[in-house]
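> fold the stuff below for me.
(4 chains)
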Protein chains: 2
Amino acid sequence: MKGTNIGELEEVILLIVANLFDNAYGIEIKKEVEEKCNRTITISTVHNVLQRLQEKNFLESRYSDPTPERGGKRKLLFRVTEAGQGALENSREMRESLWKTIPKIAFDRS
Amino acid sequence: MKGTNIGELEEVILLIVANLFDNAYGIEIKKEVEEKCNRTITISTVHNVLQRLQEKNFLESRYSDPTPERGGKRKLLFRVTEAGQGALENSREMRESLWKTIPKIAFDRS
DNA sequence: ATTAATTTCGGTTTTGTCGAATAAATAGTT
DNA sequence: AACTATTTATTCGACAAAACCGAAATTAAT
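The predicted structure is shown next:
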């Protein structure tokens, strides 16, 4: 991959960020990935991917204000960029077009 | 990933193998990936992924007879296994469900 | 100080990638 | 028939990028 492509986990995290809308930050994203995708993932992995996605300009981020709870330090909030949205739509369309042309017999087992 | 997960390229190659039905072998797969996904890829990459997919039991293979053309040596033909089909369906459903719940506003830009 | 929520750092394994080597078949040449 | 190009294919060995984790650092509230 030449830096412009999008990996499997990158794609789901992009999708999760879009879903989380204005509460998309590390820990919340980790929770959603685990729930929605039925898989475990560490917070370090999430942040690692988030950073790569930002370097590729598929995500942008800003810091929130700290919340008034114990340990409530400021959060790094993410949002999908226009480029990110484009990448998401491209891979969706590409895969759907492949699904459409799979011959019926392909999945028959004898 | 503990060997049971499926990468981005692994997924498209699985899809292409299903599409190619009974002519799914290295070079043909390479051509299809390049056409359908609008990206370049070497034959070594294709074979490498094919092999991993087989180790994961998402693909099975058999040798064809040689074809009667110049250099027409036997081909290694691939077919998606039941497990492979399952993996494909799972990731499709997972992504579609994420798409469905993205709030309308998420992709609005101000 | 201590505790809690969050992100950052350093490193390992798995996936994605390629160039070059090898194998097997046909066509042409001697 | 035996050899040697040429063509279609797959295998090998190596490296880069993506996926992954444990532990350290940071920041706010108690």
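
> work out for me the element residue A:71 sits within.
According to DSSP states H and E, residue A:71 maps onto no helix or strand at all.

> quick check: it vs DNA strand C, distance?
Separation of residue A:71 from DNA strand C (C-beta to the nearest atom of the strand, to the nearest Å): 3 Å. Glycine gets a C-beta too; all of them are placed from N, C-alpha and C.

> ok, now residue A:99?
From residue A:99 to DNA strand C the distance is 18 Å (C-beta to the nearest atom of the strand).

> quick one: mean pLDDT for the helix or strand encompassing that residue?
According to DSSP H and E, residue A:99 maps onto helix A:82-100. Summarised as a single mean, pLDDT over helix A:82-100 is 97.

> that helix vs helix B:82-100, what angle?
Orientation check (axes from the mean of the first three to the mean of the last three C-alpha atoms, to 10 degrees): helix A:82-100 against helix B:82-100 gives 140 degrees.

> tell me what helix A:82-100 is packed against?
Helix A:82-100 is packed against helix A:8-20, helix B:8-20, helix B:26-37, helix B:82-100, with contacts defined by 3 or more C-beta pairs under 8 Å, 6 or more residues apart in numbering or on different chains; DSSP states H and E.

> what's the closest of the ones you listed to residue A:32?
Nearest of the helices and strands packed on helix A:82-100 to residue A:32, taken as C-beta to C-beta: helix A:8-20 at 4.8 Å.
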